[in-house]
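Q: Predicted structure and sequence below. I'll ask about it afterward.
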Amino acid sequence: QVQLVESGGGLVQAGGSLRLSCAASERTFSTYARGWFRQAPGKAREFVASISWTGSNTYYADSVKGRFAISRDNAKNTVYLQMNSLKPEDTAVYYCGARPLPSSRYRDYSYWGQGTAVTVSS
C-alpha cells in the first residue's frame with residue numbers, strides 16, 4: 001500500500017522556523033507532483049504549496065509566499081516544506097498529498113499522509 005508519511009511538526013514560537021518532510025513509500029511518487037495543505041480546527045483544508053515532480057515548478061498560497069519554501073529530493077522520495085517567520089495563524093495540521101500534476105485543490109489529490117501538527121505560540 002502506498003504511503004505518505006509527514007514529519008517535522010511541533011511547537012514553535014512566533015517568528016521561528018520548522019521544516020516538514022513528506023516521505024513516500026514507493027518509488028512511483030518520485031514522478032508525482034506533491035502538495036502541502038493545512039487544516040486548522042473548525043476550518044476547511046487549505047492549500048499551502050505544491051511542486052512538480054521535477055521540482056522546477058512551485059506554487060504557493062498568498063498567505064505563505066515569501067515565508068515558506070517547498071522542495072524535493074527525488075532520490076529520497078521526499079518533499080520538504082521549510083517554514084520561516086511562523087505566525088500563530090499558521091497553526092494547523094499539515095498534510096502532504098500526491099498526484100500526477102500540481103494542483104491547489106485538495107480534492108484533486110488521491111494520496112494523503114496522516115498529517116503532522118504545527119503549533120505556533122504568540
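A: That came through, no problem.
Q: Name the residue closest to the centre of this protein, please.
A: Against the mean C-alpha coordinate of the chain, by Cα atoms, centre = their mean, the closest residue is Trp36 at 2.7 Å.
Q: burial of the nearest residue to that one once chain neighbours are set aside, as a residue count?
A: Among residues not flanking Trp36 along the chain, Val48 sits closest, at 4.3 Å (Cβ to Cβ, 6 or more residues apart in numbering). The C-beta positions use only the backbone N, C-alpha and C, and glycine is treated the same way. Residue neighbour count, defined by other Cβ atoms under 10 Å, stands at 25 for Val48.
Q: what's Leu18 in contact with, if anything?
A: Leu18 is in contact with Gly8, Gly9, Gly10, Val12, Met83, Leu86, Val118, counting by Cβ atoms under 8 Å, 6 or more residues apart in numbering.
Q: Contacts only, for the residue nearest to Trp36.
A: Taking Cβ under 8 Å, 6+ apart as the contact definition, Val48 lies against Gly35, Trp36, Phe37, Arg38, Tyr60, Ala61, Val64, Phe68, Leu81, Tyr94.
Q: So it belongs to a strand, correct?
A: Yes. Using DSSP: H, G, I helix; E, B strand; the rest coil, the assignment for Val48 is a strand.
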